[in-house]
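Novice: sharing a model prediction with you, sequence too.
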Amino acid sequence: MSKQNRAFRELGPLVALIALGVFTAILNPRFLSIYNLQTLGKQAAIFGIMAIGETFVIMSGGGSIDLSPGSMVALIGIVSTYMIVHGIPVFIAILVSLGLSILIGLWHGFFVNKLKVPAFIITLGTLTIARGMAAVITKGWPIVGLPKNFVMIAQGDVVGFPIPVIILFTVLLITHFVLEKTVYGKHLRATGGNEVAARFSGVKVEKVRYIAFVVSAFLSGLVGIIVAARLSQGQPGVGGTYELYAIASAVIGGTSLSGGEGSALGAVIGAGIISLLWNALVMLNVSTYWHNVIIGAVIVIAVTLDILRKKSLARSK
Amino acid sequence: MSKQNRAFRELGPLVALIALGVFTAILNPRFLSIYNLQTLGKQAAIFGIMAIGETFVIMSGGGSIDLSPGSMVALIGIVSTYMIVHGIPVFIAILVSLGLSILIGLWHGFFVNKLKVPAFIITLGTLTIARGMAAVITKGWPIVGLPKNFVMIAQGDVVGFPIPVIILFTVLLITHFVLEKTVYGKHLRATGGNEVAARFSGVKVEKVRYIAFVVSAFLSGLVGIIVAARLSQGQPGVGGTYELYAIASAVIGGTSLSGGEGSALGAVIGAGIISLLWNALVMLNVSTYWHNVIIGAVIVIAVTLDILRKKSLARSK
Amino acid sequence: FAVIGKSVHPYWSQVEQGVKAAGKALGVKTQFFVPAKEDINAQLQMLESFIAQGVDGIAIAPSDPTAVIPAIKKALELGIPIITLDTDTPDSGRYVYIGTDNYTAGYIAGETMKKLLNGKGKVVIGTGSLTAMNSLQRMQGFKDAIKDTEIEILDTLNDEEDGARALSMAESALNAHPDLDGFFGVYAYNGPSQALAVKNAGKVGKVKIVCFDTTPDILQYVKEGVIQATMGQKPYMMGYLSVAVLFNMSKLGVTNTLMMLPKDRIIDTGVDVVTPENLDDYLKYMEELGIPVKF
Amino acid sequence: MEYILEMKNITKEFPGVKALDKVDFEVKDGEILGLVGENGAGKSTLIKIIGGIHIPSKGEIYVGGKKVVFNSPNDAFSKGISIVHQELNLCPNLTVAENVFLGMENLGEGRNNFLKTVDMKKLEEAAQNLLNRIGAQFSPNTLVRELSTAQQQMVEICKALARNPKMILMDEPTSSLSIEEVERLMKIIKELKKQGISIVFVSHRIEEVVGICDRVIILRDGKRVGTLEKDEIEENKIIKYMVGRDVELFPKHVERKKGELILEVKNLKWQKMVKDVSFKLHRGEILGFAGLVGAGRSETMQLIFGINKLENGEMFYKGHPYNPESPYDAIKNGIALIPEDRKLQGLILQMSVKDNIVIPSLRRIAKSGFVLDEIKEREIAKEFVNKLQVRTPSIYHIANNLSGGNQQKVVLAKWLVSKSDVLIFDEPTRGIDVASKAEIHKLMEELAAQGYGVIMISSELPEILNLSDRIIVMFEGKVMVELDNSKRNITQEEIMYYASGKKQLVNP
Ligand SMILES: Nc1ncnc2c1ncn2[C@@H]1O[C@H](COP(=O)(O)OP(=O)(O)OP(=O)(O)O)[C@@H](O)[C@H]1O
Ligand SMILES: Nc1ncnc2c1ncn2[C@@H]1O[C@H](COP(=O)(O)OP(=O)(O)OP(=O)(O)O)[C@@H](O)[C@H]1O
Ligand SMILES: [Mg+2]
Ligand SMILES: [Mg+2]
């Protein structure tokens, strides 16, 4: 792929996102109300941040995938709120929760790097265990009674921009820079493209993978805190199938499941498409029974069209 | 790995299965009661048949995975029972439902082969769409009033062997034969091992893939019918995360997620381990909140131990 | 004795408390099980495992009333007494049913909404499942209660048991329908999600909320007047009574126990409709029961 | 009919490249036809068109006088055409026998439909026969992933033979074979010719082409530039057609001074492949490693490079004990390894030529060690693409779309960019055309003259003999002998003698 095409990688999904938005806005102009855009932004932030993390893991190659984000959201939401209602200062509780997320990321990296356990399995383990732990800690009860300064993380805004959206943009900026402009980004692509050759080239493949898993786990933990703040409570059941949406977002955004290719911006656009769908289906008053059918169809169509577009692009060159 | 080791591939998981069984039986001898073993067998049949189908898809390589089995179980269960309660003879309803399953398998194969859409995405689409359709058809309500000859499929037994177990063994026998002894089995392994090499050798790679997806969809459909018969009704919500258990079963049984390696017998043993866990946790009176934690841990441990075992085996050679 | 619930949920954890309390009071061993999410197949699996284990009695809240019939019949054949709680399955031959069924509770919710809206208005339902029986029955009861009024159900939103999605959907619904008059929340987290959305949109009191369960956050919103009414089923009572009945059956025999119970073999635990007006009474009552709610 | 295969006016365009330009091509019944040309001339493309893997943009193909269209490998098989591809195409998870008969598990009897059972015993017997025929030493039920590159190449050859073809096209079958196997292959090719089978033979080892071919067709820049009949075939003629000028095959030896000791290894041991290896390397010399396939040369070097962990023995680098954890360590210390397997170890095929070239040096090039410096990367990539004459439309072209030899040049470039004190070349000129090979040899001599320590593993004896100052011959994981070649007086026979495991040179 040449230099120029790189810049247009995200064009397909971006066009899809805009088209969906315009379509919804025409059918229901209220779609463009500030309040609705804020709602949409908050949801997109949740998926977007997770999808960026997922992009790191998928890019690292070897069929790596992170199935744990959804459960991590539940677990870290519970852990942070549990600490807060037990009197630990908000700031420290957040730091400890994010620290725990990083440990879980290292744990994933350890199994994948050292024991050669497929990422699918070790993160499936975390999916099950983290959700189980959330239930063990809470017995299913929500953790309530959170202080205002905590819920502000998701419910506050700065000149109309909800804080989660600001967090999303910060994360996007940083990760985009890391992936596109730093040595780590190149090494991640190299590892995903051909692990053996990368190792022969002096890339510390294991370290690269560790970092990818840690980024994903950390961002999931961050989302866990945002979600808890958004709901004003720690909910053990939250985040059910988020991992699938996060993976789908990444792929819609151009990440190749076989590794080596991916973009943080694309992941966020993919997350935007899915969040917009969730919102638009309600805005357009589509019967809820059809929601899943439509979401599934749009995911398939978006990915298929993008693949066909890239193929015809490659051919016409 | 030489020829001989091939025969011992399933040893690790088999030992784990037996150990778990013995352990449970010692702590609670009622584990071995006929009734309990029947219960266990029925559950293992459900996961086992799905896991065999999943094995075909995963073996076909290129990171292929089938996320649809769980939803297929719901959809095909609904479709078959819907037809039956609308007066279509049981036999024909089953044939039509299995026919529909095959079509869905071909649909997956089409997207993967012709449009180069990752299997993950197209089957994620089916996961969402099929579950959606099940809700659309029924508005969420179960379909009841099934005739005795239909429910017998899961509730009957032959000299103590529940019919689902008999179906499982039949499927296992056939698929084991296909995978180990036929040209198709060789070609499937070759396709998964190195698609380009297989194509250059004249293997009809696309046809091989089509068949893998069809087998998986067909077996999921079959499970859908068994589950409907077991529940005496068509349940649109059934089969939630079965795909994850099916994939985990396959991997526990020695299937490599990168394709080319796998065994039907292993998949069934893997399914046996997970079903036994479900059963044993109740038999051993483990608090329900811990179930998920333990299941997750056992999956990780089983796979890790098997990988370590194979590694040390390879080294000692 | 074994009690099988439906899912990991505050409601079922209250049932569990009742079960444990009764077990302790009667000096018997109790086991309480729920699947992680509503999953009839997993429930059936548990039920069969218990039967195999040969416990002294089972109380089950079937996620699906028909699917469990064969297993219940089998248990009764083996001489294991079985009763149902929360959700009934009369055709199975179970001895007793304890609880208020979801349909009735939903119906009462509908009546409450009717009163709040004076029989006229637009309502959106939020639920976590379109397929789980409790959700379906609550919604059905609700719909039947408002059938002959001018209350219109604009939309039913399924969040797939995800609290964050429930909130997003409630927000979207407020946006899509600026003239919305009421929310009906089917699952425990639906009420708080809707309350939060309504509160943030500055529509407290304008959009009425009727929901289910009495988790602390719901009661907090009731206190603030964001939620106008919530249906408190009595999970603690159901759990306690289940064990008590099963205990009697094993000690006194099934027939003797049944003689003490209503002829229709239904023990109605009733529904507490908790509103801002009667909140204090409710809290006091809970405290007397020994399960105080703190928030 | 004289021509068994005839192609007319074949043009093949890839995005940005015209790989073949109106090429006519014909193969006579029972001849051995040489096909030669520089890297990127279009040889593999032509062969892939015959194999039904590429579909030509223009032109016609005739088999036995009848016009055909090949859309898939099966179309070619059905016309009796077998191919040994330049890049290995085997399934690593299958056994040798399974690979050899992949797609024809029925051994050519009856229809090969999916539900037919496979008689593994028969397959293994048949595979064993073929292996014996080409003198391979491994068993037909070993997994292919456990074989070395050379052994895999032999499996490929068996695979082509197994199909009982009328014509076999071999795209650089000898590039990873050592002398013994090459000789055996030549014998087989002659035998096949006697059986009336036509052979198309591609090689950059011109002496092989001269030795065996009945006719030679030369391609340059996608065009057919010449044909040599049997009696016209001469090394310098071929080269002149290929390159368009004369090339000095082995440039004159540059005098250089042996410098200080830089690397010393003692009693290295790793698994069963490296049993006992000791040697010393000085600055300013080229140390050649000879040996048969599987002698353990690559594994030895991979120990020094930190790919594998040393099990026994010691290493000293610049006078200090040295034991690298990973290639990263080795590179940081100034040791570079140019790996033998370009597709597996050398390149990230989906990345651009530029990215591949700079990868080992990224940290050094980057600003403050982690922010990429695109401009500098571009300059460096361009410089080395020019220096090594890599034929690529641009430095942003992905490596996968280069011809085999050009890929090999990218691998070399990668390591020449990273400034190292010790350079280990493992089969550096595999698949590289004569002209470029001479350039690379010159480069290696220059590096040595500048005071770098250079190690070269090669299965091409002339290369070893002409470049090395000292030659170490290995056999089954052990050093057999160390020969002083400073006078360039060692002969092929001597080396072959030690390489086959014999200890005392009785009769040189
Ligand atoms: N799949 C492809 N996509 C784009 N360009 C290609 C592709 N395959 C080959 N080419 C280009 O076509 C030209 C001819 O390549 P080919 O592989 O036929 O060369 P070759 O003669 O076999 O060279 P070598 O001796 O290095 O193997 C080269 O310039 C190469 O870059
Ligand atoms: N991955 C592997 N697993 C098991 N055995 C291997 C593997 N790779 C190589 N071998 C074996 O190790 C021995 C050394 O092989 P290798 O090809 O590295 O030798 P070499 O001297 O470097 O030859 P060449 O220079 O031709 O590559 C051979 O017997 C080979 O079969
Ligand atoms: Mg070539
Ligand atoms: Mg080697």
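Specialist: Cool, got the structure. All values derive from a computational prediction rather than experimental measurement. Ligands and ions are numbered 1, 2, ... in the order given.
Novice: okay, CA-based contacts and neighbour counts for the rest of this
Specialist: Will do.
Novice: who's in contact with C:Y187?
Specialist: C:G126, C:T127, C:G128, C:S135, C:C211, C:F212, C:D213 (Cα atoms under 8 Å, 6 or more residues apart in numbering or on different chains).
Novice: hang on, I meant C:Q31
Specialist: Counting by Cα under 8 Å, 6+ apart, C:Q31 has contacts B:N285, C:F1, C:A2, C:V3.
Novice: and if we set it to 6 Å?
Specialist: C:A2 (Cα atoms under 6 Å, 6 or more residues apart in numbering or on different chains).
Novice: tell me how far it lies from A:R209.
Specialist: With distances defined as Cα to Cα, to the nearest Å, the gap from C:Q31 to A:R209 amounts to 44 Å.
Novice: over to D:N236?
Specialist: 52 Å.
Novice: ok, now D:I432?
Specialist: 35 Å.
Novice: residues contacting residue 225?
Specialist: All of this is about chain A. Neighbouring residues of A:I225 by Cα under 6 Å, 6+ apart: A:G77.
Novice: wrong one, chain D
Specialist: Residues in contact with D:V225 (Cα under 6 Å, 6+ apart) are D:I218, D:L219.
Novice: and it, what's its pLDDT?
Specialist: Here, the pLDDT recorded for D:V225 equals 90.
Novice: helix, strand, or coil at it?
Specialist: strand (DSSP: H, G, I helix; E, B strand; the rest coil).
Novice: now the stretch 101-250 of chain D, which segments are flagged as low pLDDT?
Specialist: Under the criterion of pLDDT under 70, the regions of the stretch 101-250 of chain D flagged as low confidence span D:110, D:250.
Novice: recalculate using a threshold of 80.
Specialist: Of all residues in the stretch 101-250 of chain D, those with pLDDT under 80 make up the ranges D:106-112, D:115, D:135, D:178-180, D:244-250.
Novice: chain B contacts on that one?
Specialist: For the stretch 101-250 of chain D, the residues in contact with chain B under the definition Cα under 6 Å from any Cα of the partner chain are D:G103, D:F114, D:L115, D:K116, D:T117, D:V118, D:T142.
Novice: what are the phi and psi values at the closest residue to the last one other than its chain neighbours?
Specialist: In other words, D:T142. Leaving aside its sequence neighbours, D:T142 sits nearest to D:T95 (Cα to Cα, 6 or more residues apart in numbering or on different chains; 5.2 Å). Dihedral angles phi and psi of D:T95 (degrees, to the nearest 10) take the values phi -80, psi 170.
Novice: ok, D:T95 touching D:R145?
Specialist: No: using Cα atoms under 6 Å, D:T95 is not in contact with D:R145; the gap is 8.5 Å.
Novice: tell me how far D:I238 lies from chain A.
Specialist: As defined by Cα to the nearest Cα, to the nearest Å, D:I238 lies at a distance of 35 Å from chain A.
Novice: out of D:I432 and A:R209, which sits in the busier spot?
Specialist: With neighbours defined as other Cα atoms under 10 Å in any protein chain shown, D:I432 and A:R209 compare such that A:R209 has more, 28 against 23.
Novice: separation between that one and ligand 2?
Specialist: Distance check for A:R209 against ligand 2: by Cα to the nearest ligand atom, to the nearest Å, it reads 23 Å.
Novice: how about D:F475?
Specialist: Where ligand 2 is concerned, D:F475 sits at a distance of 8 Å (Cα to the nearest ligand atom).
Novice: okay, now that residue: neighbour count?
Specialist: Residue crowding around D:F475 was assessed by other Cα under 10 Å; the count is 23.
Novice: any weak-confidence spans in the chain?
Specialist: Using chain A here. Under the criterion of pLDDT under 80, the regions of chain A flagged as low confidence span A:1-10, A:140, A:310-317.
Novice: if you could check chain C rather than the one you did, that'd help
Specialist: By pLDDT under 80, the low-scoring segments of chain C are C:8-10, C:36-42, C:64-66, C:90, C:100-101, C:131-133, C:288-295.
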